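Q: fold the following for me, if possible:
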Amino acid sequence: AAAAARAQEKSDEELARMIQAEEEALLLQQYSIQSDGGEVFRERVEPYMRQVLKVCNWNTFHLQSIP
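A: This next block holds a predicted model:
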């Protein structure tokens, strides 16, 4: 039982470190978006947005033609 408790405590600590690292990464990302006006973010996201919009437009057009 003691070994299981230590293993659970270790996994809880690892999870806490992972969550903290994720929070720090999000804060850094938020700061970088604010400092460059979101230009880098926009450059990275726009190609994907265009793909999504093409699929949405294609689906809308083809779904409307179904009786």
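
Q: the longest helix in the protein is where?
A: Looking across the chain with DSSP state H, the single longest helix is helix 2-35.

Q: next structured bit after that one?
A: helix 39-64 (DSSP states H and E).

Q: tell me the gap between the longest helix of the chain and the middle of its chain.
A: Taking CA atoms, centre = their mean, to the nearest Å, one finds the center of helix 2-35 at 15 Å from the center of the full chain.

Q: I'd like the mean pLDDT over that helix, please.
A: Throughout helix 2-35, pLDDT has a mean value of 83.

Q: nearest residue to the middle of this structure?
A: Against the mean C-alpha coordinate of the chain, by CA atoms, centre = their mean, the closest residue is Leu26 at 9.4 Å.

Q: report the contact partners of that residue.
A: Leu26 makes contact with no residue, according to CB atoms under 8 Å, 6 or more residues apart in numbering. Quick note: C-beta positions are derived from backbone N, CA and C, even for glycine.
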